[in-house]
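Enquirer: what follows is a predicted protein model with its sequence.
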Amino acid sequence: MKELILDEIRPATSEEWDRLWANCDYGTYFHSREWAEIWSEYTKGYNKPFPHIALFSDSTSALFPFTVQIRKKAIKNFFLTAEGQFGNWISETELTKDHVNHLLKYLMDEFGNLVWRWNPYDPSSAFIDFKCFSDFDCIYEIEEDETYAVNLDCGFDGVIDRCYHGHQCSFRKAQKEGLSITIAETEKDWKEYYDVYLDSLRRWGESALSKIEWDFFQLLFSFSSPNIRLWLVRDGSVVIAGGLCFYAKKHLVCWHAANLEAYFSKRPMNFLFMEIMRDACANGYKWFDFNTSAHLEGVKTFKKRFGASELKCNVLYKKIKPIQGYISLKSFYKKILH
């Protein structure tokens, strides 16, 4: 068999990025150029898209959707996708273990400060061995994490059947309460959701990981993208819950969700997720992803009761050489992320 050679790695064009993302079965919204550009605009250029494409001797290509941060004009921090979401690479064709070994060596050799969250939907992730990192001249930490996702291949009736009985009852209760669901169309709709989010922040208190400012939601609205949908649950005319979803070829993720405490008894979140999955099934999506759970056991249990499977998406925090006063790579990068 002819030896596989990595011929070239160079900056990718916008056209290459868009093409590979559109044709990659395991790509998520977080691998898109749009996601990187949203964060670049929101951070006023502090996070910059830095896509690179790898070209192999067998005509295979793979793209790294990097985002780069520049700190103090000297330290460059690289993220395999903006804001540390699902990473790896994207490709139009199936990658072999040889392809992955070349890509892995490039990542380990060329990038000093790197945050890389595994993409659980990428079949080539099976070729990545945690033990191999010890072969490279770097220090690293791996944080265990997982997302929960529902496989929609069974159709919506199958989704309901796999749900925990209590979730089924809550869904029917919400329907009887007369709740309705729509997609936000105006900035006023988005602002109503943001007010619901502020109510949730008050409730969460110190357990909230961070606060997302209204400017970010305004920016998402301004993109008018078919890949971004804000679902709203109403009781009459009042927005009582919502979920911000990002769509890719076969995958959608509910990246952000909130509801009003005063309406808990109407079960708006059960209604929200079930109706989003109903729509996803009708439109041929394979995965509904609840996103990660900040290691909160109650949140994990709630998601699993929708029939969601646990999918590992561990995070690699990597630096080339130890730094004086080094405490924790994970802590170092979390300061950057927030």
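Expert: In hand now; what should we look at? Numbering: from 1, shown residues only.
Enquirer: could I get the buried residue list for stretch 96-106?
Expert: For stretch 96-106, the neighbour count (16 or more other CB atoms under 10 Å) marks 98-104, 106 as buried. Yep, even glycine has a C-beta here, placed from its N, CA and C like the rest.
Enquirer: out of these, flag the one nearest to Asn151.
Expert: Val100 (24.2 Å; CB to CB).
Enquirer: could you measure from the closest one over to Leu201?
Expert: Going from Val100 to Leu201 by CB to CB, to the nearest Å gives 41 Å.
Enquirer: how about Phe156?
Expert: Counting by CB to CB, the gap from Phe156 to Leu201 is 32 Å.
Enquirer: for Lys76, same thing?
Expert: For Lys76 relative to Leu201 (CB to CB), the value is 33 Å.
Enquirer: go on, Leu220?
Expert: For Leu220, the distance to Leu201 equals 18 Å [CB to CB].
Enquirer: over to Ile212?
Expert: Taking CB to CB, one finds Ile212 at 9 Å from Leu201.
Enquirer: just the pLDDT at Glu83, thanks.
Expert: Glu83 carries a pLDDT value of 89.
Enquirer: which residues are in contact with the lengthiest helix in the chain?
Expert: Ordering each helix of the chain by length in residues (DSSP state H) puts helix 187-204 first. With contacts defined as CB atoms under 8 Å, 6 or more residues apart in numbering, helix 187-204 is touched by 184, 208, 211-212, 214, 217-218, 220-221, 230, 232, 239-242, 244, 256, 258-261.
Enquirer: more neighbours: which of Leu220 and Leu201?
Expert: Per other CB atoms under 10 Å, whichever of Leu220 and Leu201 has more neighbours is Leu220, with 20 against 13.
Enquirer: ok, now how distant is the more buried one from Ile240?
Expert: 21 Å.
Enquirer: what do you get for Ser14?
Expert: Look at Ser14 and Ile240: by CB to CB, they are 40 Å apart.
Enquirer: what of Asn291?
Expert: 21 Å.
Enquirer: so those two - more neighbours on which side?
Expert: Set side by side, Asn291 and Ile240 show more neighbours around Ile240, with 25 against 20, by other CB under 10 Å.
Enquirer: just to be sure, that one is in a helix?
Expert: No. Using DSSP: H, G, I helix; E, B strand; the rest coil, the assignment for Ile240 is strand, not a helix.
Enquirer: so it is in contact with Phe264, correct?
Expert: No. Between Ile240 and Phe264 there is no contact under CB atoms under 8 Å: 9.4 Å.
Enquirer: who touches both of the two?
Expert: Counting by CB under 8 Å, 6+ apart, Ile240 and Phe264 have no common neighbour.
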